[in-house]
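> could you work out the structure for the sequence below:
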Amino acid sequence: MRKITFVFSILTILFIFNTFNSRAQADKNQMAGSWLGSLEVGALNLRLVFNLALSEKDSLTPTLDSPDQGAKNIPLGKVTFTGDSLKIEAPLLGGRYDGRVVSGTEINGTWQQSGQKFTANLRKLPAQFTLNRPQEPKPPFPYRTEEVLIPNKKFNIYLSGTLTIPEGEGPFPVAVLITGSGAQNRDEELMGHKPFLVLADYLTRHGIAVLRYDDRGVGKSQGSYATATSADLATDAEAAYLFLSGHKDINKSFIGLIGHSEGGLLSCMTASSNPGIAFVVSLAGQGVKGEEILYRQQADISRASGMSEAAIKDARDINRQLYAVVKKEKDNLKAEKKVMDTYLKILKKKKLSPREIEDRMAQLSSSFNASTYPWFRYFLTADPATYWKNVKCPVLALNGEKDLQVAADVNLPAIEKAVKAGGNNNVTVKSFPDLNHLFQHCSTGLPAEYGKIEETMSTEVPDTIARWIRSLK
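Residues are numbered from 1 along each chain as shown. Now for the predicted structure:
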């Protein structure tokens, strides 16, 4: 997910592994089954599940699940298995897994990629791994569902979405759900959770129609997400609003927006230029510039992860220098070279070993390169206050007090202040104790917890939203 994060924190890891072979039938029988491991990637803990099935040809056929990334049954290929040594190459990714079989239920090993090495120890599960997501709604549903195509005429693309319509006769009030940063599907699926599916189901059961759509370039939606800025993505939200304005079952005067994280920014951008929008709900949305959010996020996540204050300050100083280059140099390829040169000078001043410098440079190149700069530059500099001031409809802004990605104590007051500065006093802000960025009950608020928590979204959040929307009638 291009989730709001700080440089060097989260890498997107894709896994393509090779086929598993063994020398002896006893070994194959012992190795067959599901093996669970995890990678600590920055502030994230990503689980891996290797499923090894014994085939009729007397060999093990593997697949891989990455439950926290929503990936299942990834086909794998050939693997070297000699004695107690297991080597799995992934040349297309520049990665490799090296493991040692400790027992019939344990493999200790490491995953290497982009100059980084991660511990990846596996343990055998008694049964196939499944995620428990008790809130995820299952059909049949007590409402109508329509698959729709949303035209974005400004970019000449179509977005694919789902419109859920309450039972009974309309026209109905409706909410457009806008995902956070990172290319996501209509359910905002991440870490094994589907927050927008849960939210849409709740609101529709309570008389509010909901439109949710795949981000451009995701699923059946057209366009390219990689090259889009927040301003571009706001036109997708506007397209959804215009589409609903012509739907026979929708109350044209009661179309609102609900945006999560960066989606909160997109919602205020869209509402500021479309006065017909009836309401805006910001879920952990931005009230201050992205650069300020990133510095606070980096400090909060690092501190909760046990990093020293000196290390936090050092990381902030490095990021500040790199961000300054991206903001100033508008040519992305030139900016990338200047960023790499700047970082190299910083590392040399630290008197690191050549190997350490090489590894850190490789890490930066893989996670923060020219392809990310258009979106990132806009995110750093865009001031949400300029948009919130022009939002004239009712606004509800919600945050979790343990949100370490978009801090409630900074962003909620900023949103309220900006909305009121524009002459709109119809703004309500609320923070929820013990909830994180996904509005889950949590212990620390760290992203590493997201996938481990069974709750997808605290029920008090959709209930608060539904009650507030109905109160606007």
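
> least trustworthy helix or strand in the protein by mean pLDDT?
Using mean pLDDT, DSSP states H and E, the weakest-scoring helix or strand in the chain turns out to be strand 18-20, at a mean of 33.

> next, the contact list for V395, please.
Residues in contact with V395 (Cβ atoms under 8 Å, 6 or more residues apart in numbering) are 279-282, 388, 415, 419, 424, 426-428. The C-beta positions use only the backbone N, C-alpha and C, and glycine is treated the same way.

> filter those down to the buried ones, PyMOL style.
Of the contacts of V395, the buried ones can be selected in PyMOL as follows, counting by 16 or more other Cβ atoms under 10 Å:
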select buried, resi 279+280+281+282+388+415+419+424+427
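
> so which helix or strand takes in T110?
T110 is part of strand 106-113 when elements are defined by DSSP states H and E.

> now swap in L64 and tell me
Here L64 is assigned to strand 60-66, by DSSP H and E.

> may I have the next helix-or-strand element following that strand as CSV, with CA atoms only?
Next helix or strand after strand 60-66 toward the C-terminus (DSSP H and E): strand 71-75. Output of strand 71-75 as CSV, limited to C-alpha atoms (Å, rounded to 0.1, in the frame of the first residue of the first chain):
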residue,chain,number,x,y,z
ALA,A,71,-2.4,-12.8,-1.5
LYS,A,72,-3.3,-16.5,-1.6
ASN,A,73,-2.2,-19.6,-3.5
ILE,A,74,0.8,-18.0,-5.2
PRO,A,75,2.3,-20.8,-7.3
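
> buried ones in strand 71-75?
Applying 16+ other Cβ under 10 Å to strand 71-75 flags I74 as buried.

> quick one: strands adjacent to that strand?
The pairing partners recorded for strand 71-75 under DSSP bridges are strand 60-66 (antiparallel).

> for the stretch 1-150 of the chain, what spans make up the strands?
18-20, 33-41, 44-54, 60-66, 71-75, 77-82, 85-90, 95-103, 106-113, 116-119, 122-124, 143-152 (DSSP state E, counting those that start in this stretch).

> reformat these as CSV; add distance to E309.
Listed next are those as CSV, based on distance: least, Cβ to Cβ, whole Å:
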stretch, distance to E309
strand 18-20, 44
strand 33-41, 22
strand 44-54, 23
strand 60-66, 34
strand 71-75, 37
strand 77-82, 44
strand 85-90, 38
strand 95-103, 34
strand 106-113, 30
strand 116-119, 24
strand 122-124, 36
strand 143-152, 46
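
> from what I can see R47 touches L64, true?
No - R47 is not in contact with L64 according to Cβ atoms under 8 Å; the separation is 11.0 Å.

> and T227, backbone torsions?
phi -100, psi 0 (degrees, to the nearest 10).

> who are the contact partners of it?
Contact analysis of T227 by Cβ under 8 Å, 6+ apart lists P374.

> list the contacts of the strand holding T110.
So strand 106-113 is in contact with 11, 13, 35, 37, 39, 86, 90, 93-102, 117-124, going by Cβ under 8 Å, 6+ apart.

> and the buried ones among these, selectable in ChimeraX?
Buried residues within these, by 16+ other Cβ under 10 Å, are selected in ChimeraX with:
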select :11,13,35,37,39,86,90,95,96,97,98,99,101,118,120,121,122,124
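
> what's across from S431 in the sheet?
N399.

> what segments of the stretch 351-473 of the chain are helices?
Assigned by DSSP state H, counting those that start in this stretch, the helices in the stretch 351-473 of the chain fall at 354-367, 373-381, 384-388, 408-421, 460-471.

> please identify which of these is closest to T270.
Among these, the nearest to T270 by Cβ to Cβ is helix 384-388 (8.8 Å).

> just the CA coordinates for that closest one, please, in CSV.
Extracted in CSV, the C-alpha atoms of helix 384-388 (Å, rounded to 0.1, in the frame of the first residue of the first chain):
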residue,chain,number,x,y,z
PRO,A,384,-5.4,20.5,3.4
ALA,A,385,-6.5,23.7,5.1
THR,A,386,-6.9,25.5,1.8
TYR,A,387,-9.5,22.9,0.8
TRP,A,388,-11.2,22.5,4.2
